[in-house]
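Peer 1: Let's see this in three dimensions:
(one chain, ligands or ions: 1)
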Amino acid sequence: MKKEKLLKLLNQMTLEEKVGQLIQIADIDTTTGPVKKLNLSSEMLFHVGSILNVVGSEKIRKIQKEYLSRNRLKIPLLFMADIINGYRTVFPIPIAQGCSWNPKVVYDCTKVSIQEAEAAGTNVNFSPMVDLVRDSRWGRVMESIGGEDPYLGKVFAKTMIEAYQGKDISKLGNAAACVKHFAAYGAVEGGRDYNTVDMSEREFRQYYLPAYQAAIEKGAEMIMTSFNTINGIPATVNSWLLRKVLREELGFQGVVISDYSAIEETIAHGVSKDKKEAAYKAIMAGVDIDMMSNVYANHLKELVEEGKVPERILDESVWRVLTLKNKLGLFENPYGNSNKEREMKILKSKKNLQIARETTSETFVLLKNEKEVLPLKKNNKIALIGPYADNIAILGSWSMFSDKSKILTLKEVLESRIGCENVLYAKGSEILKQKEINEILEAEGIDSIQMENEEAKEKEYLKEAVEKAKQADIIILAIGEHYRQSGEACSRANIEISEIQRNLLKELTKLNKKIITILFNGRPLVLKEVEEKSDALLEVWFPGTEGANAILDVILGDVNPSGKLTMSFPQATGQCPIYYNHYNTGRPHINNVRYVSRYQDIPTESYYPFGYGLSYSKFEYSDLKISSNHIKEDLPITVSISVKNNSKIAGKEVIQLYIQDLVGSCVRPVKELKGFKKEYFEPWEEKEITFQITIDMLKFWNEKLEYKAESGEFKVFVGPNSKDTKECRFEFINS
Ligand code: GLC
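Peer 2: So this is what the prediction gives:
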């Protein structure tokens with residue numbers, strides 16, 4: 001629709017109709033569930049602007065048709081949903097996708113996800129989640145595409161916006177992306193969900209803002225405000241954040257939506273005395289859509305009528321929502337490109353499953369491989385043990401639209417690959433004791449489940465597992481987190497593998513057989529005990545629909561693992577938050593010195609560092625060179641290093657470039673990722689890998705909060721992770 005016509009439409013709208021466009025509800029069936037509690041009038045029901053988490057072309061068509069028949073100006077609904085790591089075909093959880101360090105893997109996972117969701121009628125996807133995360137106690141680290149690093153966050157934020165939106169969001173296979181959670185939700189104190197965030201503006205700009213900014217610069221159509229406060233003011237009513245930073249500085253012109261009932265929650269935060277004040281503060285701060293609260297529905301009209309909210313402010317929000325609908329082509333075609341026939345053809349197609357299998361295997365991180373126990377040698381009799389050995393709950397907590405039928409388990413795939421006669425299966429244990437599961441359920445007001453003879457069952461599981469393991473040549477142990485322990489509202493004060501699983505591992509180690517442990521989890525865990533008792537350790541996260549196939553592709557050697565961690569793994573829960581790009585402090589840890597920054601009871605460094613991951617190949621780094629020891633504005637320098645695959649196995653390696661600013665007008669991190677290259681190597685192949693270093697890479701938010709590079713000495717580090725690096729120096733003299 002032409003802009004003039006859209007403007008005419010806006011001017012035809014009544015106040016009620018305008019307010020309606022700024023309301024999002026979870027269904028137009030107001031007789032049940034959370035929508036019922038909103039107690040919306042039937043008139044308002046057919047003014048609302050968008051629907052949350054209703055999917056499927058037939059259902060969406062039906063709702064849209066009924067809605068349009070009752071909407072005076074025929075303004076179509078927007079359908080928005082959480083397609084976090086896949087729709088019907090489920091891909092690895094976002095933190096896993098980031099561990100591929102391969103923008104093409106992230107692109108392919110994202111593209112297929114939105115093709116399936118758009119075919120099923122979704123117009124806006126509540127993704128990418130680009131929150132920078134450092135504290136693994138927070139259950140939502142599983143959603144972070146960039147992990148603990150702002151550079152990775154930027155790279156993958158851009159990749160995902162491009163995959164979701166393409167060049168035109170109204171075209172087949174594209175939709176609008178909603179970047180979340182703005183802002184700095186990943187920094188909740190204590191890793192406790194929905195908690196306070198309080199940091200300096202410099203910290204915010206240096207670490208947390210870049211990924212959102214990258215997504216906006218790439219054209220993201222929507223931003224979702226986060227539940228947390230930012231320096232004392234909830235993001236959802238924070239004018240500094242939403243007007244000054246987001247609109248004025250970053251130039252964002254798209255739609256701002258609150259997170260679920262976040263506007264109303266400003267009352268609980270204690271910054272709004274009632275719903276009317278919450279409505280006033282949110283609309284004045286710049287929140288366009290009120291997701292699932294009735295604050296705008298019940299108070300926005302009167303605020304405008306009383307002159308407290310200028311109608312201009314209301315019109316600006318409504319205009320942004322209408323503009324998004326117009327960009328999606330919904331006025332001409334309210335049903336988008338979705339229809340049953342297309343949906344059936346594309347959802348979980350063979351092609352999509354193949355893409356899932358290939359991308360998934362690149363997200364795994366090989367953490368240990370003692371004496372090259374992997375890949376598995378042929379003709380082994382394998383004991384496949386553990387609660388994840390024959391389990392389809394491997395999709396992660398945001399897979400509510402998945403098709404769980406025909407998800408293969410490790411046991412099914414292994415038997416199909418090496419023959420049932422060579423697989424000795426035993427569950428070995430549950431993931432958690434019933435008491436632990438009940439703690440989770442009771443905390444959510446769900447009736448706990450009593451398990452009869454739990455002790456006896458545990459002993460029986462253990463006995464069977466030991467019996468089976470005794471008959472085998474090698475043990476594959478599949479353990480991890482319960483899927484209800486990871487995701488939103490899943491913060492944990494202890495991130496060890498459960499005792500019941502550790503006990504199973506302990507019993508198996510008594511048999512003196514090789515143990516390959518496969519980890520299914522959504523966050524970095526405390527792995528010291530598991531690692532010490534395993535000969536090989538493969539981190540597979542929650543790998544999605546093709547997880548079992550991809551895991552067997554790797555452990556049987558068809559695929560050489562190439563993933564690298566995007567979050568540091570802690571020595572202990574008490575070490576959280578831990579991240580590689582930390583400051584040095586005035587007393588950095590030195591061994592055997594008492595008065596330094598350290599813990600008495602654990603080592604200071606992480607258990608596994610950012611960027612860490614092994615391969616079946618053997619990569620050797622040598623001969624780091626720098627083209628000059630002086631960098632100038634118009635004269636970048638080149639760093640090169642020789643990387644050799646000193647093995648007979650072809651593989652991919654992620655060569656990482658870090659820089660340290662040795663002295664700044666404020667403290668600077670000991671390392672910052674500034675580039676990486678994922679390269680394929682034939683057996684015995686050697687390559688010279690080069691990186692260009694520019695002044696831009698040296699810029700930071702200085703003591704005056706200016707984004708500038710400062711003269712001085714810098715260190716360059718290049719290597720396979722953030723710890724094992726070769727280094728050299730250069731100087732920047734700011735002319
Ligand atoms: C949730 C989440 C957000 C999600 C939204 C809609 O509370 O915080 O990530 O997109 O509600 O489901």
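Peer 1: What's the per-residue pLDDT of residue 448 here?
Peer 2: Note on residue 448: pLDDT of 84.
Peer 1: Near the closest residue to the ligand within the stretch 601-735 of the chain, how many other residues are there?
Peer 2: Using C-beta to the nearest ligand atom, the single residue of the stretch 601-735 of the chain nearest to the ligand is residue 610, 24.5 Å away. Heads up, the C-betas are built off the backbone N, CA and C, glycines and all. Using other C-beta atoms under 10 Å, residue 610 has 26 neighbouring residues.
Peer 1: Residue 390 contacts residue 409, doesn't it?
Peer 2: Yes - using C-beta atoms under 8 Å, residue 390 is in contact with residue 409, at 4.6 Å.
Peer 1: These two: who's more crowded?
Peer 2: residue 409 (20 against 17).
Peer 1: mind listing what that one touches?
Peer 2: 389-392, 548 (C-beta atoms under 8 Å, 6 or more residues apart in numbering).
Peer 1: one more time with 10 Å, if that's ok
Peer 2: 384, 388-394, 415, 425, 478, 547-548 (C-beta atoms under 10 Å, 6 or more residues apart in numbering).
Peer 1: Any of these buried? List them.
Peer 2: The neighbour-count test (16 or more other C-beta atoms under 10 Å) marks 384, 388-394, 415, 425, 478, 547-548 as buried among those.
Peer 1: Now go through these and say which are in helices.
Peer 2: 415, 547-548 (DSSP state H).
Peer 1: Quick check: residue 60 is in a strand.
Peer 2: No - read with DSSP: H, G, I helix; E, B strand; the rest coil, residue 60 is helix and lies in no strand.
Peer 1: ok, the one residue in the stretch 351-500 of the chain that gets nearest to the ligand - how many residues close by?
Peer 2: Using C-beta to the nearest ligand atom, the closest approach of the stretch 351-500 of the chain to the ligand is made by residue 488 at 5.6 Å. A count of nearby residues for residue 488, using other C-beta under 10 Å, gives 17.
Peer 1: any idea how far it is from residue 181?
Peer 2: 10 Å (C-beta to C-beta, to the nearest Å).
Peer 1: Same question for residue 690.
Peer 2: Taking C-beta to C-beta, one finds residue 690 at 37 Å from residue 181.
Peer 1: Now flag whichever of the ones in helices among the buried ones among the contacts of residue 409 is closest to residue 143.
Peer 2: residue 547 (17.5 Å; C-beta to C-beta).
Peer 1: my read: that closest one touches residue 399, true?
Peer 2: No - Residue 547 sits out of contact with residue 399 when judged by C-beta atoms under 10 Å, with a separation of 11.4 Å.
Peer 1: coming back round to it: more neighbours: residue 690 and residue 181, which one.
Peer 2: residue 181 (24 against 14).
Peer 1: and the helix or strand encompassing residue 730, which strands flank it?
Peer 2: Assignment of secondary structure by DSSP states H and E places residue 730 within strand 726-732. With DSSP bridges as the test, strand 726-732 is paired with strand 630-631 (parallel), strand 712-719 (antiparallel).
Peer 1: average model confidence for the shortest one?
Peer 2: Translated: strand 630-631. Mean predicted confidence for strand 630-631 is 95.
Peer 1: Tell me the first helix or strand C-terminal of it.
Peer 2: Of the helices and strands lying after strand 630-631 in sequence (DSSP H and E), the nearest is strand 637-645.
Peer 1: That next one: which residues count as buried?
Peer 2: Buried residues in strand 637-645, counted by 16+ other C-beta under 10 Å: 637, 639, 641, 643-645.
Peer 1: Check stretch 256-274 too.
Peer 2: Burial within stretch 256-274, assessed by neighbour count using 16+ other C-beta under 10 Å, is assigned to 256-267, 269, 271-272.
Peer 1: that older thread, adding mean neighbour count, write the strands paired with strand 726-732 out as a markdown table.
Peer 2: As requested, those are arranged in a markdown table below (neighbours: other C-beta atoms under 10 Å):
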| stretch | mean neighbour count |
| --- | --- |
| strand 630-631 | 16 |
| strand 712-719 | 19 |
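Peer 1: Can you tell me the closest non-neighbouring residue to residue 451?
Peer 2: Residue nearest to residue 451 in three dimensions, not counting chain neighbours: residue 434, with 4.2 Å by C-beta to C-beta, 6 or more residues apart in numbering.
Peer 1: mind listing what the residue in the chain sticking out farthest from the centre touches?
Peer 2: Largest separation from the mean C-alpha position in the chain: residue 306, at 42.9 Å (C-alpha atoms, centre = their mean). Going by C-beta under 10 Å, 6+ apart, residue 306 touches 276, 280.
Peer 1: Quick check: pLDDT value at it.
Peer 2: You'll see residue 306 listed with a pLDDT of 98.
Peer 1: Show me what from the stretch 151-300 of the chain comes close to the ligand.
Peer 2: Selection of the stretch 151-300 of the chain residues close to the ligand by C-beta under 6 Å from any ligand atom yields 180, 259-260.
Peer 1: Buried ones in stretch 329-339, by neighbour count?
Peer 2: Those would be 329-331, 334, 336-339, for stretch 329-339 by 16+ other C-beta under 10 Å.
Peer 1: Let me fix that, I meant to ask about stretch 528-545.
Peer 2: In stretch 528-545, counting by 16+ other C-beta under 10 Å, buried: 528, 530, 533-545.
Peer 1: Quick one: list the elements packing against the worst-scoring helix or strand of the chain on mean pLDDT.
Peer 2: Scoring the helices and strands of the chain by mean pLDDT, DSSP states H and E places helix 33-38 at the bottom, with a mean of 80. Judged by 3 or more C-beta pairs under 10 Å, 6 or more residues apart in numbering; DSSP states H and E, helix 33-38 is in contact with strand 23-25, helix 42-45, strand 50-52, helix 295-305.
Peer 1: Do it and the ligand come into contact?
Peer 2: No - with C-beta under 6 Å from any ligand atom as the criterion, the ligand is not reached by helix 33-38; the gap is at least 11.0 Å.
Peer 1: what comes into contact with that helix?
Peer 2: So helix 33-38 is contacted by 23, 25-30, 44-45, 48, 51-52, 260-261, 264, 292-295, 297-298 (C-beta under 10 Å, 6+ apart).
Peer 1: filter those to the buried ones?
Peer 2: Counted by 16+ other C-beta under 10 Å, these give 23, 25-28, 30, 44-45, 48, 51-52, 260-261, 264, 292-295, 297-298 as buried.
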